[in-house]
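Undergrad: okay, here's the prediction I keep looking at, along with the sequence it came from:
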Amino acid sequence: MFSKFHSRKGFTLIELMIVVVIIGILAALAIPRFMQATVKSRQSEAKGILKQIYTMERTVRQENPAVGYIACADHPGLVLIGVDVPIGAEYAYSVAVAGTGFTATAVANLDDDATIDTWTINEDGTLTNTINDVTT
């Protein structure tokens, strides 16, 4: 008569607590890596657009050597050299011309801290991450 009351189905409180602790440990390990991977994927935007700027600046200079490189700041100026920055881009782009060279810069705050992620490319095609927001 009492046997049907003793058949337990379900989990005990201790079993549930152990599962919650295991999930917490896994989350503590996974979330920082996920955040770092997300920021690195955002950096690929800067690399790609800076390479486009490099290619277009070189093309403009080769087509018309008298004009040389074109200095521009953000989207309206970049359209002049044929680079279209997508709406909602993470980075702000600019090109500074000095003498016979140029430096294109991309800046963004990727993870809402004080560090500003900064990428540059010059007339030689050297792409540099001068300030890395991922590691700091």
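TA: Perfect, thanks for sending it.
Undergrad: next secondary structure element downstream of the longest helix seen in the chain?
TA: Counting residues, the longest helix found in the chain (DSSP state H) is helix 13-63. Using DSSP states H and E, the helix or strand that follows helix 13-63 in sequence is strand 72-73.
Undergrad: which residues touch the residue sitting nearest the centre point of the chain?
TA: The structure's the chain has its C-alpha centroid closest to residue 42; by C-alpha atoms, centre = their mean the separation is 2.1 Å. For residue 42, the contact set (C-beta atoms under 8 Å, 6 or more residues apart in numbering) comprises 90, 108, 110. C-beta here means a position set from N, CA and C on the backbone, and glycine is covered the same way.
Undergrad: so which bits of stretch 26-40 are buried?
TA: Going by neighbour count (16 or more other C-beta atoms under 10 Å), the buried part of stretch 26-40 is residue 39.
Undergrad: and that stretch, average pLDDT?
TA: Averaged over stretch 26-40, pLDDT sits at 87.
Undergrad: so how far is it from its chain's centroid?
TA: Per C-alpha atoms, centre = their mean, to the nearest Å, the displacement of stretch 26-40 from the mean C-alpha position of its chain is 14 Å.
Undergrad: quick one: contacts of that stretch?
TA: With contact meaning C-beta under 8 Å, 6+ apart, stretch 26-40 is reached by 110, 111, 117, 133, 134.
Undergrad: the last one: what secondary structure?
TA: Classification of residue 134 using DSSP: H, G, I helix; E, B strand; the rest coil returns coil.
Undergrad: looks like it contacts residue 44 (just checking).
TA: No - contact criterion C-beta atoms under 8 Å: residue 134 and residue 44 do not qualify, at 11.9 Å.
Undergrad: so where is the protein shaky, pLDDT-wise?
TA: Counting by pLDDT under 70, the chain has low-confidence residues at 1-8, 135-136.
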